[in-house]
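Engineer: I need the structure of the sequence given here:
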Amino acid sequence: MERVFDARFWDSLEQRMPYGMARFIEALAVLSDPRSVRSFLAGGPAGESIAHYRLRPLGGQRVSVRPRTADMWALTDIIPPYHLPPLEAVPDSAHEIWDLGTNIGLAMAQLALRYPHATVTGVEMDAGNLELCRRNIEPYGDRCQVLHAAVWSSDGEVSYAGGDDSLAYRVEAAGGGGGGTTVRSLSLNTLLAERGVERVDFVKIDIEGAEREVLRENTEWAAAVRALKVEVHEPYTVDECLADLRALGFHAEPDHRYRGIVGKPPILAVRPGA
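Structural biologist: Residues are numbered from 1 along each chain as shown. As a prediction, this is how the structure comes out:
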């Protein structure tokens, strides 16, 4: 799959051709039929609250999205698959995977597809995203579950900001006092205890700025993790993230496959000898 969706090709699309043409090529790569491509390029079917598309990167699986919202970007965010680890870091025999900040579940489905022996646990704090995520992971049955919570450094409650961009909800305040939507906060120590496992093969962390607190406070969970991938968001810096991961005993480097022209490179961290 990674040979087909080569990172260097996709990241250079906007540099090498007009935006509209690049988006058209992305649609052809992601969607399985011409009618879906036309619908996607129009922003989704007018007058419908939910649209359905079959995605090539998911083996033709049918997924549900909200038309004319950030969900339409989520469809193409799974190419190139930066959220996936290299197979040499996490082989396909993996058994325990966490997807933290799972959004509508497309990356979670991709992880379940790549790792057929794994139980994949997602955590998502927004109720609207959560509902779609549960629909989109249904084909994987009991192997996948998603929890309604915000990943944070401690258990309790937090508040998060809503808005139009469902891909970028951010925790505003611990204790639920930020004036936004209040939701349960879940520490990774508690998630590890609830899962009842001794080792976690892979953790994807895409939690829109909360990664700094999670990687610095109450980090006993990290000793059980074999590998993780971190999306770095402001105000956290790549150098800070690398230092925090190395302090936790990981070999950490920016993903060498990343060729993006915006944003920060994701960080791949692997525990030596794991």
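Engineer: drop to CA atoms for contacts and neighbour counts, all remaining ones
Structural biologist: Will do.
Engineer: is it true that residue 189 touches residue 219?
Structural biologist: Yes: here residue 189 reaches residue 219: they are 7.2 Å apart, a contact under C-alpha atoms under 8 Å.
Engineer: so what touches stretch 120-131?
Structural biologist: 96-104, 108, 111-112, 143-151, 166, 169, 183-184 (C-alpha atoms under 8 Å, 6 or more residues apart in numbering).
Engineer: can you give me the buried ones in it?
Structural biologist: By neighbour count on 16 or more other C-alpha atoms under 10 Å, the buried set for stretch 120-131 is 120, 121, 122, 123, 124, 125, 126, 129, 130, 131.
Engineer: just the ones of the contacts of stretch 120-131 in strands?
Structural biologist: Those of the contacts of stretch 120-131 mapping onto strands are 96-100, 144-148, 150-151, 183-184, per DSSP state E.
Engineer: widest-spaced pair of these?
Structural biologist: For these, the farthest-apart pair by C-alpha to C-alpha is 96 and 183; their separation is 25.2 Å.
Engineer: which parts of this structure are helices?
Structural biologist: 7-11, 13-16, 19-30, 34-41, 71-77, 106-114, 127-136, 188-195, 211-216, 238-247 (DSSP state H).
Engineer: now render the ones you listed as a markdown table, adding distance to residue 253 and mean pLDDT.
Structural biologist: Listed next are the helices of the chain as a markdown table, based on distance: least, C-alpha to C-alpha, whole Å; pLDDT from 0 to 100:
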| stretch | distance to residue 253 | mean pLDDT |
| --- | --- | --- |
| helix 7-11 | 17 | 48 |
| helix 13-16 | 25 | 52 |
| helix 19-30 | 28 | 84 |
| helix 34-41 | 35 | 90 |
| helix 71-77 | 22 | 90 |
| helix 106-114 | 21 | 97 |
| helix 127-136 | 30 | 97 |
| helix 188-195 | 22 | 98 |
| helix 211-216 | 15 | 97 |
| helix 238-247 | 7 | 98 |
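Engineer: columns distance to residue 50 on top of those, output as CSV?
Structural biologist: Shown next, in CSV, are those (distance: least, C-alpha to C-alpha, whole Å):
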stretch, distance to residue 50
helix 7-11, 27
helix 13-16, 28
helix 19-30, 18
helix 34-41, 12
helix 71-77, 10
helix 106-114, 15
helix 127-136, 9
helix 188-195, 31
helix 211-216, 31
helix 238-247, 36
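Engineer: quick one: closest of those helices to residue 224.
Structural biologist: Residue 224 sits nearest to helix 188-195 of all those, at 8.5 Å, using C-alpha to C-alpha.
Engineer: settle this for me: residue 226 is touching residue 200, isn't it.
Structural biologist: Yes: if you go by C-alpha under 8 Å, residue 226 and residue 200 touch, sitting 6.1 Å apart.
Engineer: so the nearest residue to residue 246 once chain neighbours are set aside bridges to which residues?
Structural biologist: Excluding the flanking residues, the one nearest residue 246 by C-alpha to C-alpha, 6 or more residues apart in numbering is residue 252, at 6.2 Å. On the basis of DSSP bridges, residue 252 is bridged to residue 269.
Engineer: change the start of the numbering to 897 and stick with it
Structural biologist: Let's use 897 as the start, then, which means that last one is residue 1148.
Engineer: list the residues that contact residue 1148.
Structural biologist: So residue 1148 contacts 1138, 1141, 1142, 1163, 1164, 1165, 1166 (C-alpha under 8 Å, 6+ apart).
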